[in-house]
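> Fold the stuff below for me.
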Amino acid sequence: MGKKVVVGMSGGVDSSVAAFLLKQQGYDVIGVTMQIWQDEKNEQIEANGGCCGLSAVDDARRVAGMLDIPYYVMNFKKEFKENVMDYFVEEYLHGRTPNPCIACNRFVKWESLLQRSLSLGADYIATGHYARIDRLSNGRYSLKTSVTSTKDQTYALYNLTQEQLSKTLMPVGEYCKEEIREIAVREGLPVAHKKDSQEICFIPDNDYASFIEKEAGGRVHQKGNFVTKDGIILGQHKGITHYTIGQRKGLNLAMGHPVFVTQIRPDTDEVVIGENEDVFTNELICEHLNFMAVEDISHTYRALVKIRYSHKGEMATLYRIDKDKMRCVFDKPVRAVTPGQAVVFYEDGYILGGGTIVK
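Take a look at the predicted model:
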């Protein structure tokens, strides 16, 4: 029998094919779906589906049955609530725009699932992410971009640790999406044509503000002022949790031309409004650094830098300014640098490291 691997099965086509590929490669595969939904009624859980709802369990169980692998549902409700949902709410209350998928990857899908899997005697965990893991000549593990740039998911995985990477398999990273669907069709997997999940799994209606208001227990300030950078009041807004940097729609300001959110000031409940050019900047500061392909960056370093999942990246110079802080100066101005989001540094397709944008 081959080495034992626990595959995180979301009920989608990518993780289903990941399980198939690993079984084909001779691994002893176990399928697991992480139960992360909270204490909703059954019909709410069904409607909220996401990547780990009841329909996900049904689909994953059917796939596991077809592949003839053991299948379990593991309860991670507590870990998900603390590390993802509570974090999401707190970030918005502090005027930042969080990335819950990155937090879920780091603290739930890896930290919690990996530890529980290892305790059950597994050698690895595996996922259906479009990314590749390599061990470099310096002995360190790093993520390499997927063969398909349109689906590459390395950005959302930048803060995995060396220990986690050493115990992870990502077989899907060697394929493009069309090839993964073709494999699923060929093998008769029932999820071959299932759509990708787009929304945040715990906010399926995309109404972030209502979710935050419900979860924050009266800590949301309902109103504040729209202001210019010079402090001139332009009108009233609905509360800072409704806005993010670069936003143009939904401001309801009669300015005669398009205007944008350029800053959020939680201390004064002000949302700063500016012109399109005000949304561009050529530098940022990040903290909570995690390094991957290199042990550290202590000197000036050149890298391709991404400031959001969909960003193609821009060349920049990195400067270490503190034990856990880095300054990033771009060759060309970038749009809507957003506190709370991840910034990820790449070199030759590998992740050097990354951090959380603070300003």
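> Could you list the low-pLDDT ranges of this structure?
Under the criterion of pLDDT under 70, the regions of the chain flagged as low confidence span 1, 38-54, 198.
> go again using 80 as the cut-off
In the prediction, the chain carries residues with pLDDT under 80 at positions 1-2, 37-55, 149, 197-199, 204, 221-222.
> which residues in it form helices?
Counting by DSSP state H, residue ranges of the helices within the chain are 13-24, 42-48, 54-67, 77-80, 86-93, 100-104, 113-119, 162-166, 177-186, 208-216.
> Quick one, which of those gets closest to G139.
Closest approach to G139 among the helices of the chain (Cβ to Cβ): helix 162-166, 9.4 Å. For the C-beta atoms, the positions are set from N, CA and C on the backbone; glycine is no exception.
> what separates the closest residue to D28 other than its chain neighbours from D123, distance-wise?
When the adjacent residues along the chain are set aside, D28 lies closest to K4, with 4.4 Å between them (Cβ to Cβ, 6 or more residues apart in numbering). Taking Cβ to Cβ, to the nearest Å as the measure, K4 falls 5 Å from D123.
> now swap in Y208 and tell me
Using Cβ to Cβ, one obtains 39 Å as the distance from Y208 to D123.
> who's more crowded, the two?
A direct count of neighbours by other Cβ atoms under 10 Å for Y208 and D123 places Y208 higher, at 18 against 15.
> Okay, that one and V89: tell me how far apart.
The spacing between Y208 and V89, counted by Cβ to Cβ, is 10 Å.
> Distance across stretch 194-212, terminal residue to terminal residue?
When the termini of stretch 194-212 are compared using Cα to Cα, to the nearest Å, they are 30 Å apart.
> what's the answer for stretch 296-313, then?
With Cα to Cα, one end of stretch 296-313 sits 21 Å from the other.
> swap in stretch 272-280?
End-to-end distance of stretch 272-280: 14 Å, with Cα to Cα as the criterion.
> Then stretch 303-310?
From its first residue to its last, stretch 303-310 covers 17 Å (Cα to Cα).
> want to throw the helices of the chain into a markdown table with distance to V294?
Formatted as a markdown table, the entries for the helices of the chain read as follows, by distance: least, Cβ to Cβ, whole Å:
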| stretch | distance to V294 |
| --- | --- |
| helix 13-24 | 28 |
| helix 42-48 | 40 |
| helix 54-67 | 37 |
| helix 77-80 | 30 |
| helix 86-93 | 27 |
| helix 100-104 | 20 |
| helix 113-119 | 23 |
| helix 162-166 | 11 |
| helix 177-186 | 30 |
| helix 208-216 | 35 |
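> Deepest-packed of those helices, please.
Across the helices of the chain, the average number of neighbours (mean count of other Cβ atoms under 10 Å) peaks for helix 13-24, which reaches a mean of 24.
> how big is the angle separating that one from helix 54-67?
Taking axes from the mean of the first three to the mean of the last three Cα atoms, to 10 degrees, one finds helix 13-24 and helix 54-67 inclined to each other by 20 degrees.
> Helix 13-24 packs against which elements?
For helix 13-24, the packing partners by 3 or more Cβ pairs under 8 Å, 6 or more residues apart in numbering; DSSP states H and E come out as strand 4-8, strand 28-35, helix 54-67, strand 124-126, helix 177-186.
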